[in-house]
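A.B. asks: Here's a sequence, model it:
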Amino acid sequence: MLFVSFSNRRGARDKLPARVNRMKNFEQEDIKGELKNFALRESIQDSTRQHRKEANSGHFTWIMSAIQKGDVAALQQLSEHQSSFREQDSRGWLPLHRAAVQPHTQVLEAVLQASTELTLEELTANGDTALILAVEAGLVENVTALLKHGASPHNTNDKNESPLLLAVRLKCYEMAFALMMGGAFVDQVCQKKRTALHEAAKVGCPTILMLLLRHGAKVSTSASYTTCALRTLLPLTTERAIRISGHSPVHLAADGGQSQCLQLLIDQGFDVNVPLETHMSENYGDRRRSALYFAVCNGDVTCAQMLLEAGARSDLDPLRCILVAIRAERYELVRLLLSHGADVNCYFNAISHTVFPTGLQYCLRDPLMRRLLFNSGYDAYKCFQCCCGDSEELDSSWAQLHNQVYQIYSQPDAITFCEFVSVSWLERDVVGGVVRMLLDYVSYVHLCPKLRKILEDGPEWEDISGILNSPRSLQHLSRLVVRSHISPKILNSAAAMAEVPLPPRVKNYLSYREYDLHGDI
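C.D. replies: Take a look at the predicted model:
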């Protein structure tokens, strides 16, 4: 029996921890439940306290009545009861708020004198300051009085709308001016990401727009409202103003990539070819002048196309737009410029005066760009014009023609292609690749000793020498002859080529469609 009793007690001890754990769990759940109930009761009590409004004092009632009646004398007598000026009605309005929306500035001054313990930034139940209320009421003198007593022009309403934005919405120039003189921030943004400038554009008030701009408002904060601002300001923009500023709005729109603004300016008849004034152009190292140049430098195909379709010229800058696009490897821009008449054979001799057109200098290592230029009418023959070597190696008639061509197309100090590619930093295989591609666009050419020496050590020499030592096909020669009678502008214009009275296969052959690598770009 003792053994059994001992065993039972031991079993009871073994089960005791489990019962204790269950009791602890129950206790924790009870505690959590009590805490939840307590929190719920407290929140209900807080809500009740918030909504329970103590009765206002009699002095508060008299103050509010005196404000409504405009009784300045009564307010001065009641000013000794300053605690009453800190009371709020059911809307959370202080006497200060009520005085801000009544039209008598003397009443507001009396309330301000009695409200010395207030910061003037107290909010109503709707989140409005006295200054916000005065602005919404359109009371300029009250706004000025509040600003004079230290009211902040920066505090906003529950929509994050500043007093300045609200004044602009009312088209009140005097109020907007007073707020800016009081230190209002002109680019303060509301919840809808709008500024006072956007609001002025929306309501169509050019005088306030000009006021905001004179105080440093930024036009480019939002594209859609910038367009509205432009619509309002365009009638005020004169040619004299453009001349004085040194640049056109077209330049600014192109530089900022503002395609909507640019289209609006074009539609309004602004000249897309007006140049920067000299003092503005000299601020840039490349001496740029045209709006198209800005778009090309930024790689902005959209703005560039809009300008070109509006008649923008690509030859107004010291460094041509097409050379900028070639150097930046902007294939789409190069094709766009060529299709609108850009000269593929233009020169820029400020750095190096060459016999051959400058574009090739910027794409010696870029076979895609080279092929694009050559297909578009680049003068490949000029790369083989030089006076190196012994003319006795040539047939007399060819030597005569060679000398004539050289005299026409070169100057004594011009750098020839063979001289240009003989520099030590240019790899031989690069030169070989360029010459091999050039041979696709010429008939028979003679390689001068200097160029031959460079090419003989390159991997392309076998292919190059094979072409030079063999007669060119009649088909190839015919293509060159026909292309010589078609200007590059026609070659690069799809509309113009469509008018050429030739079968599509022939036109494709003339355009070197078999070498068209645009699909790989």
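A.B. asks: Point out where the stretch 151-300 of the chain drops to low pLDDT.
C.D. replies: Scanning the stretch 151-300 of the chain for pLDDT under 70 picks out 219-246.
A.B. asks: Next: the chain.
C.D. replies: Residues of the chain meeting the criterion pLDDT under 70: 1-55, 219-246, 388-412, 424, 517-521.
A.B. asks: And it, split by domain according to the record?
C.D. replies: 63-152, 158-166+185-236, 239-379 (automatic domain parsing).
A.B. asks: now the second one, how far from the chain's geometric center?
C.D. replies: Domain 158-166+185-236 has its average C-alpha position 18 Å from the chain's average C-alpha position, going by CA atoms, centre = their mean, to the nearest Å.
A.B. asks: coming back round to it: turn the domains of the chain into JSON lines, columns for mean neighbour count.
C.D. replies: For every residue, glycine as well, the C-beta is placed using N, CA and C. Listed next are these as JSON lines, based on neighbours: other CB atoms under 10 Å:
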{"stretch": "domain 63-152", "mean neighbour count": "19"}
{"stretch": "domain 158-166+185-236", "mean neighbour count": "19"}
{"stretch": "domain 239-379", "mean neighbour count": "19"}
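A.B. asks: how about those domains in TSV, adding distance to Glu499?
C.D. replies: Formatted as TSV, the domains of the chain follow (distance: least, CB to CB, whole Å):
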stretch	distance to Glu499
domain 63-152	65
domain 158-166+185-236	38
domain 239-379	15
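A.B. asks: now what about stretch 56-71, what contacts it?
C.D. replies: By CB atoms under 8 Å, 6 or more residues apart in numbering, the surrounding residues in contact with stretch 56-71 are 74-75, 78, 81, 83-85, 87, 89, 95, 98-99, 102, 104, 107, 111.
A.B. asks: ok, which pair from those is furthest apart?
C.D. replies: Farthest-apart pair in the contacts of stretch 56-71 is Ser83 and His104; separation 24.1 Å (CB to CB).
A.B. asks: For Arg479, which of the domains of the chain is the nearest?
C.D. replies: That would be domain 239-379 among the domains of the chain, by CB to CB, at 11.8 Å.
A.B. asks: For Leu439, see how far away the closest residue to Gly257 other than its chain neighbours is.
C.D. replies: Leaving aside its sequence neighbours, Gly257 sits nearest to Asp300 (CB to CB, 6 or more residues apart in numbering; 5.2 Å). From Asp300 over to Leu439 the distance is 36 Å, taken as CB to CB, to the nearest Å.
A.B. asks: same thing with Lys202?
C.D. replies: 63 Å.
A.B. asks: Over to Ile67?
C.D. replies: In this view, Ile67 and Leu439 are 95 Å apart by CB to CB.
A.B. asks: With His340 instead?
C.D. replies: Plainly put, His340 is 29 Å away from Leu439 if you go by CB to CB.
A.B. asks: repeat for Gly359
C.D. replies: Counting by CB to CB, the gap from Gly359 to Leu439 is 18 Å.
A.B. asks: cool, Lys171 as well?
C.D. replies: Counting by CB to CB, the separation of Lys171 from Leu439 is 72 Å.
A.B. asks: and what of Asp271?
C.D. replies: Taking CB to CB, one finds Asp271 at 45 Å from Leu439.
A.B. asks: Leu147 too?
C.D. replies: From Leu147 to Leu439 the distance is 80 Å (CB to CB).
A.B. asks: Phi and psi next, for Ile415.
C.D. replies: Here is the backbone geometry of Ile415 (degrees, to the nearest 10): phi -90, psi 130.
A.B. asks: what's it in contact with, if anything?
C.D. replies: Ile415 neighbours (CB under 8 Å, 6+ apart): 352-355.
A.B. asks: Repeat the analysis, applying 10 Å as the threshold.
C.D. replies: Shown in contact with Ile415 (CB atoms under 10 Å, 6 or more residues apart in numbering): 349, 352-356, 361, 386.
A.B. asks: So what pairs up with it in the strands?
C.D. replies: Beta-bridge partners for Ile415, by DSSP bridges, are Thr354.
A.B. asks: quick one, helices of the stretch 1-150 of the chain?
C.D. replies: Secondary structure of the stretch 1-150 of the chain (DSSP state H, counting those that start in this stretch): helices located at 2-51, 58-69, 72-78, 95-100, 105-114, 130-136, 140-148.
A.B. asks: ditto for the stretch 351-500 of the chain
C.D. replies: 367-375, 396-409, 417-420, 428-438, 449-456, 461-468, 474-484, 488-491, 494-499.
A.B. asks: Nearest to Leu510, out of those helices?
C.D. replies: Closest approach to Leu510 among the helices of the stretch 351-500 of the chain (CB to CB): helix 474-484, 5.8 Å.
A.B. asks: mind listing what Leu179 touches?
C.D. replies: Contacts for Leu179 (CB under 10 Å, 6+ apart) come out as 131, 135, 140, 143-144, 147, 153-154, 162-168, 172, 185-186, 196.
A.B. asks: Same question for Pro504.
C.D. replies: Here Pro504 is in contact with 497-498, 513 (CB under 10 Å, 6+ apart).
A.B. asks: do Ser484 as well
C.D. replies: By CB under 10 Å, 6+ apart, the contact set of Ser484 is Gly377.
A.B. asks: switch to 6 Å and redo it
C.D. replies: For Ser484, the contact set (CB atoms under 6 Å, 6 or more residues apart in numbering) is empty.
A.B. asks: now it: how far from Val506?
C.D. replies: Here Ser484 is placed at a distance of 15 Å from Val506 (CB to CB).
A.B. asks: Only alpha carbons, please: show the helix or strand encompassing Ala254 as PDB.
C.D. replies: Applying DSSP states H and E as the criterion places Ala254 in helix 249-256. The C-alpha coordinates for helix 249-256 follow below in PDB (Å, rounded to 0.1, in the frame of the first residue of the first chain):
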ATOM      1  CA  PRO A 249      11.500  79.900 -75.200                       C
ATOM      2  CA  VAL A 250      12.100  77.300 -77.900                       C
ATOM      3  CA  HIS A 251      15.700  76.900 -76.700                       C
ATOM      4  CA  LEU A 252      14.500  76.400 -73.100                       C
ATOM      5  CA  ALA A 253      11.900  73.900 -74.100                       C
ATOM      6  CA  ALA A 254      14.300  71.900 -76.300                       C
ATOM      7  CA  ASP A 255      17.000  72.000 -73.600                       C
ATOM      8  CA  GLY A 256      14.600  70.800 -70.900                       C
END
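A.B. asks: same for the next helix or strand after it, what does it pack against?
C.D. replies: Using DSSP H and E, the helix or strand that directly follows helix 249-256 along the chain is helix 259-267. Contacts defined by 3 or more CB pairs under 6 Å, 6 or more residues apart in numbering; DSSP states H and E place helix 259-267 against helix 223-233, helix 249-256, helix 301-309.
A.B. asks: try it again with 10 Å
C.D. replies: Here helix 259-267 touches helix 223-233, helix 249-256, helix 291-297, helix 301-309, going by 3 or more CB pairs under 10 Å, 6 or more residues apart in numbering; DSSP states H and E.
A.B. asks: what residues does the following helix or strand past it touch?
C.D. replies: Once helix 259-267 ends, the next helix or strand along the chain (criterion: DSSP H and E) is helix 278-281. Outside helix 278-281, the residues that touch it by CB under 10 Å, 6+ apart are 245-247, 251, 275, 287-290, 317-318.
A.B. asks: Perfect, I'm done here.
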